[in-house]
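1. here you go, sequence then predicted model.
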Amino acid sequence: MSEFPHHQAETPSGAAGPLNPERRQLLLGGAGLLAGAGLVGLSPRAWAQGSPLPDYVGWKNADALIVHSANTLETKRDAIGRGVLTPSDQLFVRNNLPAPDAGIMQDIEGWEVNIAGVNHPRAITLAELKRIGVETVVSVLQCSGNGRAFFPHGASGTPWTTGAAGCVAWTGVPLREVVRELGGVAEGMNYLTGTGGETIPAGLDPKTVMVERSVPLAALEQAMLVWEMNDEPLSLAHGGPVRLVIPGYYGVNNVKYVRQVAFTAGQTDAAIQATGYRVREVGVSGSPDQPSMWEMPVKSWVTSPLASASPGRTLIYGVAFGGVHGLAGVEVSVDGGSRWAEARFLGPDLGRFAWRPFVLATELAPGEYRLVSRATDDQGQVQPEERVDNERGYGHNGWKDHGVTLTVA
């Protein structure tokens with residue numbers, strides 16, 4: 001049984017509220033650089049045969065995406081581009097359960113989040129959250145299985161390559177400020193546990209399928225309850241009306257349609273936490289004593305060119321991030337890692353959780369080249385060469401597998 005209560009709220013109804021224009025942190029470049037997303041969408045089950053995208057993500061750019069399933073869409077490697085922010089219509093989608101009915105977006109101001117494990121627990125509406133405070137933080141959103149396709153043992157799950165990641169601007173209230181309003185975290189609590197608002201299929205034990213994740217209490221320092229992404233209302237596809245976002249942590253911990261945030265003594269016993277998203281050797285089942293997919297490590301990869309180029313001056317582009325730490329630098333090699341050259345960053349630095357696009361200018365004669373990149377975070381941790389093989393293909397940040405072979409002719 002769970003250590004914390006589950007608040008039951010009515011399905012919101014009514015009209016959506018206006019955009020909140022306040023910001024504590026201004027983004028360089030202005031709102032014109034932020035690609036928006038509409039509040040349209042239906043359940044992923046309502047995917048018309050022959051349609052390029054499921055209805056609930058019908059507003060996205062189909063040309064920039066790989067559709068693995070109704071619940072999993074990957075950004076194409078060559079669609080990442082050279083900007084700091086990933087346009088909303090190109091951002092990947094990963095849902096552990098089908099998205100709720102679009103009706104939950106009708107009264108976003110009335111959406112309730114139950115806050116438990118604090119000294120004055122209660123349910124709080126989005127309208128109330130907006131009055132507590134507002135901040136914009138740019139961070140990398142990355143699925144735990146990004147890079148799974150490179151594992152040789154054929155790990156089960158979506159065969160992501162590099163496109164289960166993006167860099168987005170989240171606007172909402174820091175969770176620590178909400179907790180302060182409610183008297184602080186209760187004594188003896190060690191974890192921050194978020195519960196999603198997806199509909200549990202009838203006849204199933206909720207604990208076997210529900211999205212409920214626990215992270216160490218230290219994550220409260222950067223955790224947020226957000227209602228905007230890339231300067232637009234948070235869409236159903238990405239967890240609206242309200243999402244728990246923990247910059248620096250893998251995507252599964254950034255709980256969509258969040259209905260409850262609880263501070264708990266132990267981790268939830270929901271399967272997605274107890275046995276799911278656990279790093280273990282190939283062939284071994286998941287268990288609570290194994291490492292959980294929490295903080296992200298340093299990572300980078302090349303985004304262009306990917307297959308061919310003309311002889312002469314060549315610009316090699318990519319993206320790099322430090323995970324939970326800031327990014328210090330990135331190097332590029334055109335010979336598979338024998339020799340390295342320092343790349344330079346492009347665009348503004350939007351904070352320690354954001355990625356940095358990079359570029360290296362080099363002269364290439366006709367021939368075949370293996371392009372790879374490796375990043376270093378501000379703690380001196382260097383992106384490793386090799387992956388760490390594991391049963392579910394999680395956490396791949398090895399630079400070798402992420403390389404591309406370029407033909408110059």
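-> Cool, got the structure. Numbers count the residues shown, from 1 in each chain.

2. how about the helices of the protein, start to end?
-> Assigned by DSSP state H, the chain shows helices spanning 126-132, 175-181, 206-209, 271-274.

3. give me the buried positions along the first one.
-> Going back to what we said before, that points to helix 126-132. By 16 or more other Cβ atoms under 10 Å, the buried positions in helix 126-132 come out as 126, 128-130, 132. Any C-beta I mention is one placed from the backbone N, CA and C, and that applies to glycine too.

4. mind listing what's buried in stretch 214-229?
-> By 16+ other Cβ under 10 Å, the buried positions in stretch 214-229 come out as 214-215, 217, 219-220, 222-229.

5. can you tell me which of these are in strands?
-> Among the buried residues of stretch 214-229, the residues falling in strands (DSSP state E) are 214-215, 224-229.

6. contacting residues around the nearest residue to Ile108 once chain neighbours are set aside?
-> Excluding its sequence neighbours, the residue lying closest to Ile108 (Cβ to Cβ, 6 or more residues apart in numbering) is Pro241, at 3.8 Å. Neighbouring residues of Pro241 by Cβ atoms under 8 Å, 6 or more residues apart in numbering: 12, 104-105, 108, 111, 126, 227, 233-234, 257.

7. what residue is smack in the middle of this protein?
-> Among the residues of the chain, the one closest to the centroid is Leu141, at 2.2 Å (Cα atoms, centre = their mean).

8. in TSV: the buried residues of stretch 214-229, plus distance to Ser285 and pLDDT.
-> Converted to TSV, the buried residues of stretch 214-229 look like this (distance: Cβ to Cβ, whole Å; pLDDT from 0 to 100):
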residue	distance to Ser285	pLDDT
Ser214	20	98
Val215	22	98
Leu217	28	98
Ala219	27	98
Leu220	31	98
Gln222	32	98
Ala223	30	98
Met224	34	98
Leu225	34	98
Val226	34	98
Trp227	38	98
Glu228	40	98
Met229	35	98
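
9. and the residues you listed as a markdown table, adding distance to Arg352?
-> Below are the buried residues of stretch 214-229 laid out as a markdown table (distance: Cβ to Cβ, whole Å):
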| residue | distance to Arg352 |
| --- | --- |
| Ser214 | 23 |
| Val215 | 18 |
| Leu217 | 20 |
| Ala219 | 14 |
| Leu220 | 17 |
| Gln222 | 9 |
| Ala223 | 15 |
| Met224 | 15 |
| Leu225 | 20 |
| Val226 | 18 |
| Trp227 | 23 |
| Glu228 | 21 |
| Met229 | 19 |
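
10. out of the residues you listed, the closest to Thr193 would be?
-> Taking Cβ to Cβ as the measure, Thr193 lies nearest Ser214 of the buried residues of stretch 214-229, at 4.4 Å.

11. pretty sure that closest one contacts Ala265?
-> No - using Cβ atoms under 8 Å, Ser214 is not in contact with Ala265, being 10.3 Å away.

12. what do these two both touch?
-> Here Ser214 and Ala265 have Tyr191 as joint contacts, going by Cβ under 8 Å, 6+ apart.

13. give me the contact list for stretch 69-80.
-> 44-45, 47, 53-54, 57, 60-61, 63-68, 86, 90-98, 158, 160-166, 301, 303-304, 306, 319.

14. try it again with 6 Å
-> 44, 47, 54, 64-67, 90, 92-95, 158, 160, 162-164, 303, 306 (Cβ atoms under 6 Å, 6 or more residues apart in numbering).

15. from those residues, which land in strands?
-> Filtering those for membership in strands, criterion DSSP E, returns 65-67, 93-94, 303.

16. top of those by neighbour count?
-> Neighbour counts for the ones in strands among the contacts of stretch 69-80 (other Cβ atoms under 10 Å) peak at Val93, which has 26 neighbours.

17. quick one, what contacts that residue?
-> Contacts of Val93 by Cβ under 6 Å, 6+ apart are 57, 73, 237.

18. for the second one, give its distance to Trp170.
-> So the one you mean is Leu73. Applying Cβ to Cβ, to the nearest Å, the value for Leu73 to Trp170 is 20 Å.

19. the two: which is more packed in?
-> It is Leu73, of Leu73 and Trp170, that has more neighbours when counted by other Cβ under 10 Å, with 27 against 24.

20. who does the more buried one form a beta bridge with?
-> Val67, Val93 (DSSP bridges).

21. what score does it have for pLDDT?
-> Leu73 carries a pLDDT score of 97 in this model.

22. could you count how many residues lie near Asn96?
-> If we define neighbours as other Cβ under 10 Å, then Asn96 has 16 of them.

23. hmm, I was thinking of Pro311
-> Counted by other Cβ under 10 Å, the residues lying close to Pro311 total 12.

24. do the same with the one 5 residues further on
-> When neighbours are defined as other Cβ under 10 Å, Ile316 has 25 of them.

25. was I right about it contacting Leu360?
-> Yes - taking contacts as Cβ atoms under 6 Å, Ile316 lies within contact range of Leu360: 4.6 Å.

26. okay, and the common contacts of these two?
-> When Cβ under 6 Å, 6+ apart defines a contact, the residues bordering Ile316 and Leu360 alike are Val332.

27. quick one: the nearest residue to Asn61 once chain neighbours are set aside from Pro241, how far?
-> Counting by Cβ to Cβ, 6+ apart, Asn61 lies nearest to Asp89, which is 4.5 Å off, once chain neighbours are set aside. Distance, Asp89 to Pro241, using Cβ to Cβ: 19 Å.

28. same question, Pro152
-> On the measure of Cβ to Cβ, Pro152 and Pro241 end up 42 Å apart.

29. coming back round to it: out of the contacts of Val93, who's nearest Leu371?
-> The closest of the contacts of Val93 to Leu371 turns out to be Leu73 (Cβ to Cβ; 25.7 Å).

30. about what we covered before: quick one: the contacts of Pro241 as a markdown table, columns for distance to Glu177 too.
-> Below are the contacts of Pro241 laid out as a markdown table (distance: Cβ to Cβ, whole Å):
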| residue | distance to Glu177 |
| --- | --- |
| Pro12 | 23 |
| Ile104 | 25 |
| Met105 | 25 |
| Ile108 | 20 |
| Trp111 | 18 |
| Leu126 | 15 |
| Trp227 | 14 |
| Pro233 | 21 |
| Leu234 | 19 |
| Tyr257 | 21 |
